[in-house]
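Q: just coords:
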């Protein structure tokens with residue numbers, strides 16, 4: 001069974017293919033992501049909209065071929081993510097700078113980091129690279145490991161890589177890999193006035 005076919009979003013209204021085809025795999029191949037390709041993804045992230053052009057996103061990147069750095073990132077993951085995420089080609093810790101340059105609180109920081117992450121994910125998919133965003137990691141430990149000040153909040157870790165064979169996953173993960181994507185109907189999340 002082809003996971004890419006199973007995961008195509010069945011939308012009520014037409015949307016672009018990058019959105020319909022984006023999904024969060026757990027099966028990654030052992031193919032490395034080049035530094036040039038990774039830099040392209042991060043460049044795409046850089047160009048997301050942000051309040052007052054503050055660009056509050058900060059990324060800490062570990063490539064699998066740099067074993068000590070990559071293991072440091074893997075060690076932050078919760079047990080439910082470690083078995084599959086350790087096979088990704090890269091792990092990226094995404095953080096938000098919570099204040100503006102003038103030291104006032106940036107109420108848009110988390111939103112803006114999300115916009116930046118979506119740019120990264122869509123650029124990745126356009127290049128045949130898949131991403132899986134995880135909230136399941138030790139945020140406090142990540143602040144300590146990477147010496148983050150109080151002005152920074154860890155948001156998520158993104159696993160990046162090329163699509164692998166779902167048959168290599170353990171039973172519970174394999175079932176999720178072959179499950180169709182679902183969303184609530186528009187009328188549950190949108191209120192037209």
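A: Good, I have the coordinates. Because the structure is a prediction, the values reported are computed rather than measured.

Q: who's in contact with the top helix by length along the chain?
A: In the chain, with assignment by DSSP state H, the single longest helix is helix 109-126. Residues outside helix 109-126 that contact it (Cβ atoms under 8 Å, 6 or more residues apart in numbering): 18-19, 21-22, 40-42, 44-51, 54-57, 92, 94-98, 106, 130-131, 133, 153, 155-156, 158, 160. C-beta: built from backbone N, CA, C; applies to glycine.

Q: what mean pLDDT does that helix have?
A: Mean pLDDT, helix 109-126: 98.

Q: Show me what secondary structure element comes after the biggest strand by length in the chain.
A: If you go by DSSP state E, the chain has its longest strand at strand 152-161. Sequence order places helix 171-178 as the next helix or strand after strand 152-161, per DSSP states H and E.

Q: where do the strands sit along the chain?
A: Assigned by DSSP E, the chain shows strands spanning 57-63, 90-97, 130-134, 152-161.

Q: Mean pLDDT and mean neighbour count added to those, as a markdown table?
A: Output for these, formatted as a markdown table (pLDDT from 0 to 100; neighbours: other Cβ atoms under 10 Å):
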| stretch | mean pLDDT | mean neighbour count |
| --- | --- | --- |
| strand 57-63 | 98 | 19 |
| strand 90-97 | 98 | 23 |
| strand 130-134 | 98 | 21 |
| strand 152-161 | 98 | 22 |
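
Q: So for residue 10, which of those sits nearest?
A: Between residue 10 and those, the tightest spacing by Cβ to Cβ is seen for strand 130-134, at 19.2 Å.

Q: now the angle from the closest one to helix 109-126?
A: Interaxial angle, strand 130-134 versus helix 109-126 (axes from the mean of the first three to the mean of the last three Cα atoms, to 10 degrees): 150 degrees.

Q: Now do strand 130-134 against strand 152-161: the angle between them, please.
A: With the same axes, to 10 degrees applied, the angle from strand 130-134 to strand 152-161 works out at 150 degrees.
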